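In: Build me a structure from this.
(one chain, ligands or ions: 1)
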Amino acid sequence: MDYEVVIGLEIHAQLKTNTKIFCGCSTAFGAEPNSQTCPVCTGMPGVLPVLNRTAVAYAARAGVATDCTLNRTNRFARKNYFYPDLPLGYQITQMALPIAEHGHLDIELSDGSTKRIGITRIHMENDAGKLNHDPMRPVSLVNLNRAGIPLIEIVTEPDMRSAQEAGALVRKMHQLVRHIGVCDGNMEEGSLRCDANVSLRPKGQEAFGTRTEMKNLNSFRNIERAIRYEVVRQADILDNGGTIIQESRLWNADKEISTSMRTKEDAHDYRYFPDPDLLPVVIDDAWFDEIVQSIPELPDAMKTRYMASLGLSQADAEVLTATIELATYFEICLAALTGKGPKQAKLVANWVMGSVLALVHTEGMALADVPVTAEMLAGLLALVEADVISGTMAKTVFEEMAKSGKAAQVIVAEKGLAQVSDTSEIEGIVDQILADNPNEVDAFRGGKTKLMGFFVGRVMKATKGKGNPKVVNQLLNEKLKG
Ligand SMILES: [Zn+2]
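Out: Alright, predicted model coming up:
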């Protein structure tokens, strides 16, 4: 049977606040177990939650950036369930009135077209703690450092039709939440993870099939692999006349299989009700304006601008806008040049994507740790633009900058690398080269114009690479043809 795959995602993004959502405990990753806890986030009796304003602002920012409608009055609800990592006995989340609804995000497909994926809703909630299962003893230890960390859950419409589309959506969302500064996107630390709802239906059928939920997928690779596995598993069952059981499944990344976790609860099993300890959240006009103002130019708009007004190719624009850090690096360099047109944009793009990203990739360092800062590269490119050094010489200076951390101007001055543009000085050298090579001169004048490279090479060698190539070429042209 030919099936159509239907995928909806629930993406959990940890908000990048310094403190937890309902108390003042730190959210820093990797601390000693239970060292970042207090009576509120450990669910002691009689405590009251106090909402973190920044968490609300970040959630709202994510809503605006995905074209959602903000519910200017929204509220928290209790989702009741028992688990040892949840001492309160309920999760504080949003149900009937989430902070944002009815948005969308566009993904790029492999054929270059885009597809719009609906965002059903974005709601705020607190994270649970973590159970550490001791491999040596039959015990599990509870670490509540993560309990109370603010999350947003982004729920999409079931608009994706392949593992690849689901992967593209998560990548795009990852880029976006990092870009707008609400989540660090560190998937290894669990800052962004996702559940995938997968179902199959015979091609042409309108009604959805029974879905299963793949829980806690924490890398792009796992998301795509787990979905592919699930599609094959469900198709096998259906082809053999079986029925799909609605359930949660756990992906085992090592074995590359999924196993049943529990049969899936329906929403009414959680007995949601409005949290009586928390007032409705009201976003007034002034705060709303502040939230809208805090959103930088979004990645898609940035990419379009790089192509339309800076004349960059789609491939270049995509690389440069992949992270806001790289885009900012690029823009600082371009802003430092006198010209700001396509020629300068391409010069900067080549340097950023070439030398700078080479350092990132070969040294495995973060862009922020690259010893040549945007300001330093800007200084170097300004020297290239002003013809103080040649592009070739600039490569040498860049390497030196990466090693010593010195500014380009300092290196050029110390090593005497400034190129010679003084016509009379170069003219003397050109005359000498022509006098030393009469046979080549005759051959050139006889039509072997390819020898130009030979002459340029000789002159550049005599100037130790410092002759301004433009002046050298111009003088050689004049003298050889004259
Ligand atoms: Zn706390």
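
In: switch to C-alpha atoms for all contacts and neighbour counts from now on
Out: Noted.

In: Tell me how far the residue of the stretch 101-250 of the chain found nearest the ion lies from D369.
Out: The stretch 101-250 of the chain approaches the ion most closely through G148 (6.9 Å), counting by Cα to the ion. G148 is 31 Å from D369, where distance means Cα to Cα, to the nearest Å.

In: Count residues in the vicinity of the residue of the stretch 101-250 of the chain closest to the ion, would you?
Out: Residues near G148, counting by other Cα atoms under 10 Å, number 30.

In: For it, which non-adjacent residue is closest in space?
Out: Spatial nearest neighbour of G148, excluding adjacent residues (Cα to Cα, 6 or more residues apart in numbering): N126 at 4.7 Å.

In: beta partners of the one you found?
Out: Note on N126: beta-bridge partners P150, judged by DSSP bridges.

In: can you tell me which residues contact it?
Out: Contacts here follow Cα atoms under 8 Å, 6 or more residues apart in numbering; on that basis N126 touches 21, 91-93, 147-151.

In: One more pass at 6 Å, please.
Out: 92, 148-151 (Cα atoms under 6 Å, 6 or more residues apart in numbering).

In: Nearest to T42 among those residues?
Out: G148 (8.5 Å; Cα to Cα).

In: so the closest one sits in a helix?
Out: No - per DSSP: H, G, I helix; E, B strand; the rest coil, G148 lies outside any helix segment and is coil.

In: So for it, what's the pLDDT?
Out: Looking at G148, its pLDDT is 97.

In: show me what contacts it?
Out: 20-21, 41, 126-127.

In: Okay, the closest residue to L417 other than its chain neighbours and the ion: tell me how far apart.
Out: Distance criterion Cα to Cα, 6+ apart; nearest residue to L417, sequence neighbours excluded, is K466 at 6.6 Å. Applying Cα to the ion, to the nearest Å, the value for K466 to the ion is 63 Å.

In: What backbone torsions are found at K466?
Out: K466 has phi and psi values of phi -100, psi -10 when expressed as degrees, to the nearest 10.

In: Helix or strand: which one has R78?
Out: strand 77-80 (DSSP states H and E).

In: where's N145 relative to R121, distance?
Out: 27 Å.

In: Give me the neighbour count for the residue nearest to I180 when sequence neighbours are not counted.
Out: Computed as Cα to Cα, 6+ apart, the closest residue to I180 that is not its neighbour in sequence is I295, at 6.0 Å. Residues within reach of I295, counting by other Cα under 10 Å, total 16.

In: is it true that I295 lies in a strand?
Out: No - I295 is assigned coil when assessed by three-state DSSP, not a strand.

In: interface residues of the protein facing the ion?
Out: 23, 25, 37-38, 41 (Cα under 5 Å from the ion).

In: Export those residues as CSV, with columns for pLDDT.
Out: Below are the residues of the chain next to the ion laid out as CSV (pLDDT from 0 to 100):
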residue, pLDDT
C23, 97
C25, 98
T37, 97
C38, 97
C41, 95
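
In: got a list of contacts for stretch 31-44?
Out: If you take Cα under 6 Å, 6+ apart as the criterion, stretch 31-44 is touched by 25-26, 47, 87-88, 143-145, 147-148.

In: from what I can see A77 touches Y270, true?
Out: No - between A77 and Y270 there is no contact under Cα atoms under 6 Å: 10.7 Å.

In: more crowded one of those two?
Out: A side-by-side neighbour count of A77 and Y270, using other Cα under 10 Å, places A77 first with 23 against 15.

In: In contact with the more buried one, which residues?
Out: 92-94, 273-275.
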